[in-house]
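Asks: any chance you can model this:
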Amino acid sequence: MENVVIIGSGPAGLTAAIYAARANLNPVVIEGMQPGGQLTQTSDVENFPGFEDPITGTGLVTAMRKQAERLGVRYMMDEVTGCDFSGETKRLSLMVGDTLETRTVIIATGASARYLGLESEQKLIGKGVSACATCDGAFFKGRPVAVVGGGDTAMEEALYLSRIASHVTVIHRRDEFRASKIMADRVLAAPAIDVRWDSVVEEVLDVAKGEVTGLRLRNVKTQAIDDLPVEGVFMAIGHVPNTAAFDGQLERDDEGYIVTKNTRTSVPGVFAAGDVQDRHYKQAVTAAGTGCMAALEAERFLVTHG
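Replies: Okay, here's the model as predicted:
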């Protein structure tokens, strides 16, 4: 029987692990199939306190992991596929292992990239369609690409790709970006980037050829249709919380995010931290903060419940 099991190994999960270990709770972290979470897909992190110079997302996660290891945190390379939170003992079904029993759970499974949902897009994922510039950008060196989206993630993807691709076109359905001003200004000033405003993707070309050759765009104001020649397209239109393993066990909102109050979920002894319960901020530093909160709440729960 474990005291606390932390599901997820991004900033929220690792911070929770650090605090739980310092409280002598002997935590175990189930890393999931993407150790480090979404932060490992980020090129340079400039806004995490304590680093004078930018640090890569992978570098930041690695530093957190080493800190947690030094404190005795245990890791399991596995994934939770289901759970039973109906009793005092929480049971987690694992993909590789059997069932793990624990007194408390901290869910820090994060969120996954959202796609447009087009049939042509789905057929070309991995064949020119991606949601991670730092993962796949190198394949498009010297080639034209597009980024779909208008938030900070889209700006970051576009700027990263502008150092690799021959040209980057940002496609946004509105006439101004939702991104922070500093990020938007960088994109608008970049000579290798242009913007197609008021535009949406109707189709990714060309499924018959088995590779991306362009995008069919529609102007939402004029309804005009035209084709944009590109060899790669990167989706940056938001995220979907990774909560499938907890279906029917916890209260979630209309977008699937776990509903929390100070990281406490609708089930006593189960807590949630990071992007899986944060539909607003989605920052590494806020994820880490809620990871700290969840660990403190779990410690308090264990003390008050014997």
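
Asks: can you give me the strands for the stretch 201-306 of the chain?
Replies: 214-219, 225-229, 232-235, 239-241, 270-272 (DSSP state E, counting those that start in this stretch).

Asks: who's in contact with the first one?
Replies: Yep, that's strand 214-219 we're talking about. Applying C-beta atoms under 8 Å, 6 or more residues apart in numbering, the external contacts of strand 214-219 come out as 146, 171, 196, 198-206, 224-230, 233. In this view, the C-beta of every residue, glycine as well, is placed from N, C-alpha and C.

Asks: buried subset of those residues, written for PyMOL?
Replies: To isolate the buried ones among the contacts of strand 214-219 in PyMOL, judged by 16 or more other C-beta atoms under 10 Å, type:
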select buried, resi 146+171+196+199+200+201+203+204+205+228+230+233
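
Asks: for the helix or strand of the chain with the lowest mean pLDDT, packing partners?
Replies: Among the helices and strands of the chain, strand 44-45 carries the lowest confidence by mean pLDDT, DSSP states H and E, at a mean of 80. Contact analysis of strand 44-45 by 3 or more C-beta pairs under 8 Å, 6 or more residues apart in numbering; DSSP states H and E lists strand 55-56 as its packing neighbours.

Asks: chain center to the strand it packs on, what's the gap?
Replies: Offset of strand 55-56 from its chain centre (C-alpha atoms, centre = their mean, to the nearest Å): 16 Å.

Asks: ok, now stretch 233-240?
Replies: Distance of stretch 233-240 from its chain centroid, counting by C-alpha atoms, centre = their mean, is 10 Å.

Asks: same thing with stretch 57-67?
Replies: With C-alpha atoms, centre = their mean as the basis, the mean position of stretch 57-67 lies at 16 Å from the chain mean.

Asks: do the same with stretch 87-94
Replies: For stretch 87-94, the distance from its own C-alpha centre to the chain's C-alpha centre is 25 Å (C-alpha atoms, centre = their mean).

Asks: quick one: average confidence on that stretch?
Replies: Regarding stretch 87-94, the rounded mean pLDDT is 96.

Asks: need the contact partners of that stretch.
Replies: For stretch 87-94, the external contacting residues (C-beta under 8 Å, 6+ apart) are 1, 5, 7, 30, 76, 78-85, 99-105, 269-270, 305.

Asks: redo that, cut-off 7 Å
Replies: If you take C-beta atoms under 7 Å, 6 or more residues apart in numbering as the criterion, stretch 87-94 is touched by 5, 78-84, 99-102, 105, 269-270.

Asks: now do stretch 162-181
Replies: Here stretch 162-181 has contacts from 137-138, 140-152, 154-155, 158, 161, 184, 187, 190, 192-201, 217, 220, 228, 230, using C-beta under 7 Å, 6+ apart.

Asks: and what of stretch 292-306?
Replies: Residues from elsewhere that reach stretch 292-306 (C-beta under 7 Å, 6+ apart): 3-4, 15-16, 19-20, 23, 25, 103-104, 106, 262-264, 269, 271-273.
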